[in-house]
Structure formats: structure tokens, C-alpha cells
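Q: coords below, sequence missing:
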């Protein structure tokens, strides 16, 4: 089930569009099922992935070039796609992107849809700029997310020219060091990149830093791929299957 939402965002000060993908009964589910046993009411709230796009894209590119709807249905997991222009999911003058992603969007998701508000059921992931955004938010608010997926992440490419706080506050390695010093309970990390990607070194260095810091994580370095949608589609499916799920739907993959 794909639901397009248009609403007035307090954090951004304007109308925004968000896409929610909610698992729903599909044709195979309905075969041989009587009207008495067929139901659109889920037996429990779904875990959710907040899925972030890259530079030059918007939320619809995930839907056009990858298969989040298929993977959501197969794995009984909700997905939320949002558009953040080229702003790296960071605060800009008059636009509180950080509060929007960490507070307002989850309130919308959990308030209007059968989506779990629990940290252990909440994940964030993205490609390129969205990979940076996912890691930035996972480290900035580690209490919000159980896991983070970074596909071809633009970890060292963040544009801070219009950010309202000093550039060093958006440095992933500084944030990581700060959280380690605090003894924070960090989300689990999934990193991946194609070995022919021009941004491969960004991912490799983050993998090395997590390793040096003793932070357990998954690292998927794949030959033969560049900065491309075939890779990101593949990685989204891998990430979903890797997720450390504890929800009622864990292990209940189905045909669609």
C-alpha cells in the first residue's frame, strides 16, 4: 500500500510531501481466504525505515529506480520516503530539517499509520547524500534508531555553506568520537559501496574508523558497481534482510 501525504510542516514552514509504504494484503494472501478471515487490520504495528535520497533527487527516485514497495511487502516493514532537496538533511535558515526528521516525521508516521514508535523498530538509511544524512542523524540522535544503512555515503561531501551552525558540528568523525566518549548506545551500522564508485574512499574510511573504534558493523564492498541505482536497489534489499529486528513480524517474509 503506497500512501502519498501532503501536509503543513511546522519545522519547515511550508507544505511537504511524504510517501509511506505500508505492508498490506496482496493477491497471494487472498487466494483461498474467506471473507471472515480476510482482514486489512495488521496484527501488530510495523517497524519502519526512513529512507533518504541523494543529491539531485527527491523521494520519488527511490520509487522510480528501486523496489522499496516490493521489499516492504515481502518483509512486513513500513518505509517512509521524504524529499530534502540538496540540503543534506541538516538545518538551514528557516528550515529545521533535523527536528523534522527526528521528531515531526515520526509523529506523523506513528500517529496516522500502524507504525511502531519504539526505538528498536526504527531504522534510517540512505544513498550518497542520504547516506551522509542517515549516519549524521544516527549519531546525532542515537536513542532514536536501532540501525543505520549507508549506501555509497557522501560522508565527507556535506555542503555546510548554508548551515546555521559551525561546519565542525556536521563532521561525522567528530560526532562519532563524541558519542564514543559519552559511552552512547549507538545504532548498528550497515555500510556499503561499489568498488568502482568515485566516492568509494568515503565509505572505506568510515569503515576503517568504525573498525578502529571497536564498533561492530556490516561492511559490504562490491566489485563492478559505480554510483548507480542497480547497486542501491540491491543494497536496500540486503539492508532490510540484515536488520536486527525484534518485532512481531521478524522472520515472516512472504510472497507478493
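A: Okay, I see it. All figures in this text were calculated on a predicted structure; none of them were measured in a lab.
Q: contacting residues around residue 143?
A: Neighbouring residues of residue 143 by CB atoms under 8 Å, 6 or more residues apart in numbering: 119, 185. Yep, even glycine has a C-beta here, placed from its N, CA and C like the rest.
Q: that one and residue 119: what is the separation?
A: 6 Å (CB to CB, to the nearest Å).
Q: quick check: end-to-end length of stretch 78-95?
A: End-to-end distance of stretch 78-95 (CA to CA, to the nearest Å): 26 Å.
Q: kindly report the same for stretch 42-57.
A: Span of stretch 42-57 from end to end, CA to CA: 32 Å.
Q: pull out the buried residues from that stretch.
A: Neighbour-count burial for stretch 42-57 flags 42, 45-55, 57 (criterion: 16 or more other CB atoms under 10 Å).
Q: of all those residues, which two lie farthest apart?
A: By the measure CB to CB, the buried residues of stretch 42-57 have their two most distant members at 42 and 55, which lie 35.2 Å apart.
Q: next, count neighbours for the closest residue to residue 24 other than its chain neighbours.
A: Counting by CB to CB, 6 or more residues apart in numbering, residue 1 is the residue found nearest to residue 24 once chain neighbours are left out, at 3.8 Å. Each residue near residue 1 was counted by other CB atoms under 10 Å, and the total is 15.
Q: do the same with residue 78
A: Neighbour tally, residue 78, other CB under 10 Å: 24.
Q: state the pLDDT value of it.
A: For residue 78, the pLDDT comes out at 98.
Q: just residue 103 next, same as before
A: The model's pLDDT for residue 103 equals 97.
Q: show me what the helix or strand hosting residue 125 is packed up against.
A: Secondary structure assignment for residue 125, by DSSP states H and E: strand 122-127. The helices and strands touching strand 122-127, judged by 3 or more CB pairs under 8 Å, 6 or more residues apart in numbering; DSSP states H and E, are strand 48-52, helix 129-140, strand 147-151, helix 229-242.
Q: and of the ones you listed, who's closest to residue 108?
A: Taking CB to CB, strand 48-52 is the member of the helices and strands packed on strand 122-127 nearest to residue 108, at 11.2 Å.
Q: distance between the closest one and the chain's centre?
A: 3 Å (CA atoms, centre = their mean, to the nearest Å).
Q: which is the next helix or strand following it?
A: helix 59-65.
Q: now the strands: where do they sit in the chain?
A: Taking DSSP state E, the strands of the chain run over residues 2-9, 14-21, 48-52, 78-82, 122-127, 147-151, 188-194, 217-222.
Q: and the ones you listed: which comes nearest residue 104?
A: Of those, the one closest to residue 104 (CB to CB) turns out to be strand 2-9, at 6.4 Å.
Q: tell me the strands beside the closest one, with direction?
A: strand 14-21 (antiparallel) (DSSP bridges).
Q: contact partners of the strand it pairs with?
A: Contacts to strand 14-21, defined as CB under 8 Å, 6+ apart, come from residues 1-9, 59-60, 63, 68-69, 72, 78-83, 105, 108-109, 113.
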